[in-house]
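A.B. asks: sequence first, then the predicted structure, then my questions.
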Amino acid sequence: MTKFGSIFSLIDNIILAKDLEGSFVGEVIHVGSLNNPTGQALVMNVDTYDYYKLLLIKGSTVLISANQKLFRTRKHISVDIGWRLLGLIINPFGEVIHDFDVNFKSFVQEELLFESRKEILTAKAPSIIERCPIRKPLLTGITLVDIFLPIGYGQRELILGDNNVGKTTLAVTFIINQRRIHDGYTKVWRTFESNLKGSHFRSFDFSPCIFVSIGKRRAEVIRVKNILNKFGALYFTCLVYTSSDEFAAVQYLAPYTGCTIGEWFRDLGYNSIIVYDDLSAHAVAYRQISLLLRRPPGREAYPGDIFYIHSTLLERAGLLWKNLGGGSLTAFPIVETKLGDISGYIPTNIISITDGQIHLDMKLKHKGQTPAIDLTKSVSRIGSNAQFRILKGISKKVLRDYTLYKYYEGFTKVSSDLDSAITKHVTRGLQLFTLLKSDIYVTKSLTQEVFGLFALTNGFLEGVEQYNINAYFEILFSDDLSHSFLKKNPKLVFYITEPTYIESFLRISPLSVFKNDLTTLFKSYHAFFLSEVQPTLFSTFWRKLSIFKKK
């Protein structure tokens, strides 16, 4: 087998090479020199007459010409991975594009910060024997998702919708919510964990996140960085970025780099989360590469193996058994649709690969629903297996109220004179949608979700005006302990003053454990709110309105 060959021609970043017998598909080839190459290429396929087609991934086409030497490395493409990547924007080769002033020393030990290891981008997915059933819930902070579309660690949940409908916003919100479980991981915890190197002990709740931006404008990835930094989620997030003006080969490699970083954390025992934004651009980049390689086009000019490309990428997500570290990789691929059509080639491909999809509808966004999730086209195939027991008990009642509201909603458009029972269901449905609404990048804790849905399903929001529902819970969780209902029930004070402490019990207990206490709490608070708080809110509203009219 020869160690080097030569370039026959270079057209559109495709190198036609000769004398590279024995090279394998995916091998890295150096151009010009073995130690200081002017460029790097990947072996893609063998053409007729023993010519090899290489894909140029690094280097300028100006410095590369015919008859230049090509040197084999006998290696797959790999990237340096370590703790240092958290908080950075990198390219698919692991090179830092943009650095930030993020203090890692309080989060990661210095010896871990500079530790790195080369990992192959095209690793195989874990086998079925290595995978554990997905049962551990992943809280997104979006009540609509946590109730109707529960997600578990190791799941692959597709996010699809039209352009500018909020797909990236929803995925970034999922990352921001992981901040809740990271606040306790201080330098003391890192010191304790570093002393146990080599053992299987890891904190299974730590979730390093990877955000892969494929073919986007630089302003978009900077916007995501600023949002993560604003909400304190940047220090545990790595951003992999490729712009739309880079080689199609670089855009093609970006999701593999992000997946390899996530797998590195998964193998350490952590619950890593990766967002692919978006796989539509990745499919376009691979289509461009395939057409330049003269591979036969198929449906919509995509190559026939585009399904295989995406399936091998997404199958690398999963949850491992505890004897293998117990880590997981949860994938949120994003796909763009055209005019709400989910029957396109790429959307249907990825729907059949993933464990469910969250469909965002532009019509719902225009109606003011945020996030604009269409429950009729959304599903989680893991379902209640990846849901806390307390949410599982409440979700049945919430689903009942939602179904009745949708059934009776049409009656309100036909007639204004409705039966009192129908009016009750419609009113409760409107209150439900108010609770399910979420402002941009604002998440709710498990305590807030449980308290809100419990009050709704048990009738403790009756008499509360729809525009006062948010104030109803804001005042409940406020630090003011002068409420009369707290004075009457001092045993229930810790439910209000220690929501984080209560959440640890909500994660492991069924609803029946808290039902009596929550019923007593909301009976007192409901009467207090209707008698003392809501009239004040109403008068304050009109006072502000009158001041506005005078101006």
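C.D. replies: Everything's here; your move. Numbering: from 1, shown residues only.

A.B. asks: lowest-scoring secondary structure element of the protein by mean pLDDT?
C.D. replies: When the helices and strands of the chain are compared on mean pLDDT, DSSP states H and E, helix 187-194 comes out lowest with a mean of 52.

A.B. asks: okay, strands next: where are they in the stretch 351-500 of the chain?
C.D. replies: 356-360, 379-380 (DSSP state E, counting those that start in this stretch).

A.B. asks: just tell me which of those ends up closest to Ile502.
C.D. replies: strand 379-380 (26.0 Å; Cβ to Cβ). Backbone N, C-alpha and C define where each C-beta goes, glycine included.

A.B. asks: and for the closest one, what's in contact with it?
C.D. replies: Here strand 379-380 makes contact (Cβ atoms under 8 Å, 6 or more residues apart in numbering) with Phe148, Leu149, Pro150, Ile151, Gln155, Glu157, Asp355, Gly356, Gln357, Ala386.

A.B. asks: partners of that strand, with directions?
C.D. replies: When pairing is defined by DSSP bridges, strand 379-380 lines up against strand 356-360 (antiparallel).

A.B. asks: flag every buried residue along the lengthiest helix in the chain.
C.D. replies: Identified as the longest helix of the chain according to DSSP state H is helix 389-414. Residues 389-395, 398, 401-402, 404-405, 408 are the ones in helix 389-414 that count as buried (16 or more other Cβ atoms under 10 Å).

A.B. asks: that one - contacts with which helices or strands?
C.D. replies: Applying 3 or more Cβ pairs under 8 Å, 6 or more residues apart in numbering; DSSP states H and E, we find helix 389-414 packed against helix 143-148, helix 420-436, helix 446-457, helix 511-528.

A.B. asks: the third one - contacts with which helices or strands?
C.D. replies: Spelled out, it's helix 446-457. Under the contact rule (3+ Cβ pairs under 8 Å, 6+ apart), helix 446-457 is packed against helix 143-148, helix 389-414, helix 420-436, helix 469-476, helix 499-506, helix 511-528.

A.B. asks: Tyr467 - how many residues pack around it?
C.D. replies: 11 (other Cβ atoms under 10 Å).

A.B. asks: how much space between it and Leu430?
C.D. replies: 11 Å (Cβ to Cβ, to the nearest Å).

A.B. asks: from the centroid of the protein, which residue is nearest?
C.D. replies: What sits nearest the mean C-alpha location of the chain, by Cα atoms, centre = their mean, is Ala171, with 4.1 Å.

A.B. asks: which helix or strand contains that residue?
C.D. replies: Using DSSP states H and E, Ala171 sits in helix 167-177.

A.B. asks: buried set for stretch 498-507?
C.D. replies: Applying 16+ other Cβ under 10 Å to stretch 498-507 flags Pro499, Ile502, Glu503, Leu506 as buried.

A.B. asks: what do you get for stretch 158-165?
C.D. replies: Leu158, Ile159, Leu160, Gly161, Asp162, Val165.

A.B. asks: ditto for stretch 344-352
C.D. replies: Gly344, Ile346, Pro347, Asn349, Ile350, Ile351.

A.B. asks: and Asn384, what does it touch?
C.D. replies: Careful, residue 384 is Ser and not Asn. Pro150, Lys392, Ser395.

A.B. asks: ok, Ile147 to Phe231 distance?
C.D. replies: 23 Å.

A.B. asks: beyond the helix or strand containing Leu54, next helix or strand please.
C.D. replies: Element membership for Leu54, per DSSP H and E: strand 52-59. The first helix or strand that comes after strand 52-59 along the chain, using DSSP H and E, is strand 69-76.

A.B. asks: quick one: that next one to strand 52-59, angle?
C.D. replies: Going by axes from the mean of the first three to the mean of the last three Cα atoms, to 10 degrees, strand 69-76 is angled at 90 degrees with respect to strand 52-59.

A.B. asks: now strand 69-76: mean pLDDT?
C.D. replies: Throughout strand 69-76, pLDDT has a mean value of 91.

A.B. asks: now do it: which elements does it pack against?
C.D. replies: strand 4-11, strand 27-31.

A.B. asks: in the stretch 101-250 of the chain, what spans have low per-residue confidence?
C.D. replies: 101-115, 183-205 (pLDDT under 70).

A.B. asks: all strands for it, in order.
C.D. replies: So, for the stretch 101-250 of the chain - with DSSP E, counting those that start in this stretch - the strands run 116-120, 137-138, 151-152, 158-161, 209-216, 237-243.

A.B. asks: circling back: can you give me the angle the helix holding Ala171 makes with strand 356-360?
C.D. replies: 120 degrees.
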